[in-house]
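Chemist: Task: produce atomic coordinates for the following.
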Amino acid sequence: MLSIISSVYDPLGFLAPIVLPAKLLLQELCRTKCDWDDPIPPAFQQKWKKWLTDLEKVAYFKIHRCVKPAGFGRTVSAQLHHFADASENGYGTATYLRMQNMEERVHVTFLFGKARVAPLKTVTIPRLELTAAVVAVRVDKMLQSELQLQLKKTCFWTDSTSVLKYIKNEDRRFQTFVANRVTTIRVNSEIEQWRYVPTALNPADDASRGLKAEDLMKQRWIEGPKFLLEPEEMWPTFPVDTSVTADDPEVKKSLMVNATLADINATSQLITHFSDWQRLKVAVAWLIKLKETLFKLKEKRKELERANTSGAARLDVQKEMQAFATSLGNQKVALEDLLKAETSIIAFCQ
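Modeler: Residues are numbered from 1 along each chain as shown. Below is the predicted model:
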């Protein structure tokens with residue numbers, strides 16, 4: 001099976017929608033976990049023979065390889081139009097060259113196509129649509145370097161509103177999968193180049209779902225969408241708001257950090273001020289001694305004021321206070337003071 005699929009030589013992707021069903025069949029066979037020498041189940045054999053029968057109709061498939069028709073004249077405008085789409089089965093792109101001559105006659109021709117099956121691991125449709133958009137910008141980069149044409153403009157088309165919102169987003173942060181692919185798209189294209197096309201008019205829909213050979217010859221895959229033959233003002237537009245809501249599953253949830261400012265008292269500030277334990281104990285010891293001294297002076301003043309109740313004795317109270325303060329003398333921090341300071345610090349922290 002794999003050798004037959006690979007033998008369908010189609011480097012430009014003309015037959016991509018036809019080959020996709022065979023790739024899907026091969027992927028489905030891989031899910032059954034059959035060994036290399038195991039016989040293919042009858043159901044798969046029937047589907048495979050049906051695809052081979054349909055493939056024989058490709059013998060009647062014809063296409064002009066010259067991108068410019070005879071008698072078209074000088075081209076004054078050439079544009080690349082990339083269409084991207086995805087489904088549960090796969091994703092793909094279709095590229096068309098739109099040319100306009102001096103008489104404003106327009107010709108659209110198929111240029112390149114791709115069709116890939118969806119990964120075995122389940123991926124959401126919006127992510128597959130975004131992956132198809134990445135393929136489109138990579139195809140554009142390749143064609144821009146290979147084509148010997150003066151290209152005026154490139155347009156990217158998708159029927160996924162989610163993709164358009166992700167690409168045009170300016171204020172939301174996305175999950176890694178989406179963020180990486182949006183970055184790739186925005187590096188290789190401009191936001192204004194991305195446009196909306198309804199699914200019914202999107203030829204890449206054929207690449208994402210697959211076609212039979214007879215349908216390939218009748219549908220839009222080769223001819224391209226009809227609206228490209230019209231003036232640009234007649235092309236589809238997307239008037240809906242493109243802002244991304246916060247409940248989108250691909251939006252990264254922002255973390256809310258609440259800071260609380262706690263009141264810090266003087267003792268806490270004193271403890272955090274010193275980075276040395278010994279210096280902290282000395283400072284606290286001096287504060288304790290100052291507290292005790294002030295307390296003694298307060299008690300002495302109360303004692304003197306109770307003993308001297310007349311106003312004439314006020315002067316004697318001041319003298320007594322000065323004499324008492326002098327009697328306290330120069331004080332020093334002793335070992336007992338340091339122990340008391342250490343006990344006080346530990347008690348406060350506890």
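Chemist: Please count neighbours and contacts with C-alpha atoms only from this point.
Modeler: Noted.
Chemist: show me the contacts for the nearest residue to Pro198 once chain neighbours are set aside.
Modeler: Distances taken as Cα to Cα, 6 or more residues apart in numbering place Asp159 nearest to Pro198, at 5.3 Å, with adjacent residues excluded. Each residue near Asp159 by Cα atoms under 8 Å, 6 or more residues apart in numbering is listed here: 84-85, 196-199, 202.
Chemist: closest to Phe72 among those residues?
Modeler: Of all those, Phe72 sits closest to Asn202, with 26.4 Å by Cα to Cα.
Chemist: residues near that closest one, how many?
Modeler: For Asn202, the count of nearby residues is 23 (other Cα atoms under 10 Å).
Chemist: Okay, domains of this protein per the record?
Modeler: According to automatic domain parsing, the chain comprises the domains 2-234, 266-349.
Chemist: what comes up buried for the helix or strand containing Phe348?
Modeler: For Phe348, the element it lies in under DSSP states H and E is helix 335-349. Of the residues in helix 335-349, 337-338, 341-342, 344-345 count as buried by neighbour count, 16 or more other Cα atoms under 10 Å.
Chemist: Quick one: mean pLDDT over that helix.
Modeler: For helix 335-349, mean pLDDT is 79.
Chemist: now the helices: where do they sit in the stretch 201-350 of the chain?
Modeler: 204-209, 213-218, 220-223, 266-273, 277-307, 314-328, 335-349 (DSSP state H, counting those that start in this stretch).
Chemist: Mind checking the ones you listed for the one nearest to Thr75?
Modeler: So among these, helix 220-223 is nearest, using Cα to Cα, at 19.1 Å.
Chemist: quick revisit: let me know which of the helices of the stretch 201-350 of the chain is tucked in deepest.
Modeler: Of these, the one with the most neighbours on average (mean count of other Cα atoms under 10 Å) is helix 204-209, at a mean of 28.
Chemist: Could you list every helix and strand in contact with that helix?
Modeler: Helices and strands touching helix 204-209, as assessed by 3 or more Cα pairs under 8 Å, 6 or more residues apart in numbering; DSSP states H and E, comprise helix 16-31, strand 75-86, strand 90-101, strand 106-117.
Chemist: and the helix or strand following the longest one, which residues are buried?
Modeler: By that I understand helix 16-31. The C-terminal neighbour of helix 16-31 among helices and strands, as given by DSSP H and E, is helix 42-55. Neighbour counts over helix 42-55 (16+ other Cα under 10 Å) mark 48, 51, 55 as buried.
Chemist: what's the angle between helix 42-55 and helix 16-31?
Modeler: Angle, helix 42-55 to helix 16-31, by axes from the mean of the first three to the mean of the last three Cα atoms, to 10 degrees: 170 degrees.
Chemist: Can you tell me what sits against helix 42-55?
Modeler: Contact partners of helix 42-55, identified using Cα under 8 Å, 6+ apart, comprise 18, 21-22, 25, 29, 212-213.
Chemist: Off-centre distance for it?
Modeler: Between the centre of helix 42-55 and the centre of its chain there are 42 Å (Cα atoms, centre = their mean, to the nearest Å).
Chemist: Pull that helix out as CSV, backbone CA atoms only.
Modeler: C-alpha atoms of helix 42-55 as CSV (Å, rounded to 0.1, in the frame of the first residue of the first chain):
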residue,chain,number,x,y,z
PRO,A,42,-11.1,-7.8,4.7
ALA,A,43,-12.7,-4.5,5.4
PHE,A,44,-9.5,-2.7,4.6
GLN,A,45,-8.9,-4.7,1.5
GLN,A,46,-12.3,-3.7,0.2
LYS,A,47,-11.7,0.0,0.8
TRP,A,48,-8.2,-0.3,-0.8
LYS,A,49,-9.5,-2.0,-4.0
LYS,A,50,-12.2,0.7,-4.2
TRP,A,51,-9.6,3.4,-4.0
LEU,A,52,-7.4,1.7,-6.7
THR,A,53,-10.4,1.5,-9.0
ASP,A,54,-11.1,5.2,-8.5
LEU,A,55,-7.5,6.0,-9.1
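Chemist: State the mean pLDDT of that helix.
Modeler: 85.
Chemist: before we move on, back to that, give me the contact list for the helix holding Phe348.
Modeler: In contact with helix 335-349 (Cα under 8 Å, 6+ apart) are residues 281-282, 284-285, 288-289.
Chemist: give me the low-pLDDT residue ranges for the stretch 101-250 of the chain?
Modeler: For the stretch 101-250 of the chain, the stretches with pLDDT under 70 are 239-240.
Chemist: re earlier: out of the domains of the chain, nearest to Pro249?
Modeler: Judged by Cα to Cα, the one of the domains of the chain that comes nearest to Pro249 is domain 2-234, at 8.6 Å.
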